[in-house]
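**Q** The sequence and its predicted three-dimensional model are supplied below.
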Amino acid sequence: MSPVPSIIADNGEISNPLLKRAHTAIHAWKRAIVSDPNNFTGNWVGHDVCSYNGIVCAPSLGDPSQDAVAGLDFNGADLAGHFPVELALLHEISLIHVNSNRFQGQIPGNLSNLQLLEELDLSNNGFVGPFPMEVLQLPKLRYLDLRFNNFEGPLPPELFDKDLDALFLNDNRFNTTLPENLGNSKVSVMVLTNNNFEGRIPRSVAQMNATLNEIVISSNHFSGCLPLEFASLGNVTVLDLSSNSFAGVLPKSMIKGLQNVELLNIAGNMLTGVVPESICELKHLINFTYSSNYFKGDALSCPTAWSSDVVFDGQVNCIAGRKGQRAAEDCAAVVNHPVNCGGGNVKSPPSPAPIFSPPPAPLTTPSPPPPATAAVPSPSSLPPVGGFEYASPPPPIFKGY
């Protein structure tokens, strides 16, 4: 067995230049931490950064005989402070997980120097400012999680040209319309809930059919008719459009196209007409929520053996003879002003009181860490092809978010 090389040179300095730079970066971060109630950084002393809490080392890609810092896993450490610019010294890092801390401020611009970074999880902190454009300069990034922060402003179109597998932006303050190139994205999971997005869903969403499994855009200000392009998303298992201002009917062709959907939520919109019987053709359906709309009828002729295994929630609609429905005068205000979804000009009905709420303040209750382990990461490995099932802080819409 060959001897383990010493990390300390004869002059007392760290002999490995990669770990020497990492030592500088990590101790700069320690100085930037203003609260550490669990003493997470208590063992950040001495030269051996690979033994520090939350620091993951692996053989360097450039020289496998030398170790390098390949990952930071601070999930749930309850650290408060900011990201130092020295973070950019960690040239061989492939994952940064700082879920459920109290980091604040903006993301350093030189984060773009981390050219091997594949996973960036900044969720459940107090980061502010516009969308961090630095992440667009990370060529290997596959997983981006910015949820439960205070980022604001529009999303850059370039975001949807990146080769991401999972994108979590929920519970921030992003606003304006979604870029028209939304459909260029190849993500398997996209969660945009609890922001301030508005306008129509870009028709390019149909282009996501090959990769998209789950899309959650609830609790925003989206409006207009439900896009027929949703019918192209035959691989989607979760589609949550709830708590927006979609109007018009629920298209039969859209329902028929969602052949693999398990969870379908259109509650809290201004949809009218009748829930089409094509809902009975969705053989994988587990939960269909269409409450708090203005439907005057629904599909009650589904086969009993099938529908008994499906949870239907159609409360607070305008279905005659059904308990738990809207008052007649409330229904008339919307139903008597139908929306034409067939032409180019869509006339919106009168709007009831808003059903959405502003994003919550950043949470302090730690959320479960992502399933990516803190074991030695391989910079060449990618997130799973089938997508992620990462848990996030409450309040959830569906299990898994």
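**A** Looks like it arrived, so ask away. Numbering: from 1, shown residues only.

**Q** okay but residue 144 is in contact with residue 163, surely?
**A** No - Residue 144 is beyond contact range of residue 163, at 11.3 Å (criterion: CB atoms under 8 Å). C-beta here means a position set from N, CA and C on the backbone, and glycine is covered the same way.

**Q** Next, the contact list for the residue lying closest to residue 310 once chain neighbours are set aside, please.
**A** Distances taken as CB to CB, 6 or more residues apart in numbering place residue 285 nearest to residue 310, at 5.3 Å, with adjacent residues excluded. For residue 285, the contacting residues are 261, 262, 264, 279, 310, by CB atoms under 8 Å, 6 or more residues apart in numbering.

**Q** Filter these down to the buried ones, ChimeraX style.
**A** Restricted to buried positions by 16 or more other CB atoms under 10 Å, the ChimeraX selection for the contacts of residue 285 reads:
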select :261,262,264,279,310
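
**Q** Show me the beta-bridge partners of the residue nearest in space to the middle of the chain.
**A** Taking CA atoms, centre = their mean, the centroid of the chain lies closest to residue 168, which sits 1.5 Å from it. Using DSSP bridges, the bridge partners assigned to residue 168 are residue 145, residue 191.

**Q** Tell me if I'm right that it and residue 191 touch.
**A** Yes - between residue 168 and residue 191 there is a contact at 4.9 Å, judged by CB under 8 Å.

**Q** tell me, what's touching those two both at once?
**A** Residues touching both residue 168 and residue 191 by CB under 8 Å, 6+ apart: residue 147.

**Q** Just give the number of residues close to residue 297.
**A** 15 (other CB atoms under 10 Å).

**Q** do the same with the one 5 residues further on
**A** A count of neighbours around residue 302, defined by other CB under 10 Å, yields 18.

**Q** repeat for residue 173
**A** So residue 173, with other CB under 10 Å, has 15 neighbours.

**Q** likewise residue 61?
**A** By other CB under 10 Å, 15 other residues sit near residue 61.

**Q** how close does it get to residue 148?
**A** When distance is defined by CB to CB, to the nearest Å, residue 61 is 33 Å away from residue 148.

**Q** Repeat that for residue 59.
**A** 34 Å.

**Q** which of the two has more neighbours?
**A** Per other CB under 10 Å, whichever of residue 59 and residue 148 has more neighbours is residue 148, with 26 against 15.

**Q** so the more buried one makes contact with residue 168?
**A** No - between residue 148 and residue 168 there is no contact under CB under 8 Å: 9.2 Å.

**Q** what about this protein, any weak spots by pLDDT?
**A** 1-13, 300, 305-306, 343-401 (pLDDT under 70).

**Q** report the longest strand in it, please.
**A** Counting residues, the longest strand found in the chain (DSSP state E) is strand 67-73.

**Q** can you pull out the helices in the stretch 1-150 of the chain?
**A** 17-32 (DSSP state H, counting those that start in this stretch).

**Q** mind listing the strands for it?
**A** 33-35, 55-59, 67-73, 80-81, 95-97, 102-105, 119-121, 126-130, 143-145, 150-153 (DSSP state E, counting those that start in this stretch).

**Q** just the stretch 201-350 of the chain next, same as before
**A** Counting by DSSP E, counting those that start in this stretch, the strands of the stretch 201-350 of the chain are 214-216, 221-225, 238-240, 245-249, 263-265, 270-272, 287-289, 311-313.

**Q** contacts for the third one?
**A** Translated: strand 238-240. In contact with strand 238-240 (CB under 8 Å, 6+ apart) are residues 193, 213-218, 230, 233, 258, 261-265, 397-398, 400.

**Q** Note down every partner strand of that strand and its orientation.
**A** strand 214-216 (parallel), strand 263-265 (parallel).

**Q** For it, which residues meet the burial criterion?
**A** 238, 239, 240.

**Q** Look up how far residue 214 lies from the last one.
**A** I take that to be residue 240. The value you get for residue 240 to residue 214, if CB to CB is used, is 9 Å.

**Q** again, but for the first one
**A** Remark: distance between residue 238 and residue 214 (CB to CB) = 4 Å.

**Q** just residue 39 next, same as before
**A** With CB to CB as the criterion, residue 39 and residue 214 are 38 Å apart.

**Q** what do you get for residue 36?
**A** 35 Å.

**Q** Looking at those two now, which is surrounded by more residues?
**A** Using other CB under 10 Å, the more surrounded residue of residue 36 and residue 214 is residue 214, with 24 against 17.

**Q** What residues does the more buried one make contact with?
**A** 188, 189, 190, 191, 236, 237, 238, 239, 387, 400.

**Q** How about residue 173?
**A** Neighbours of residue 173 in contact, by CB under 8 Å, 6+ apart: 150, 151, 152, 153, 195, 196, 359.
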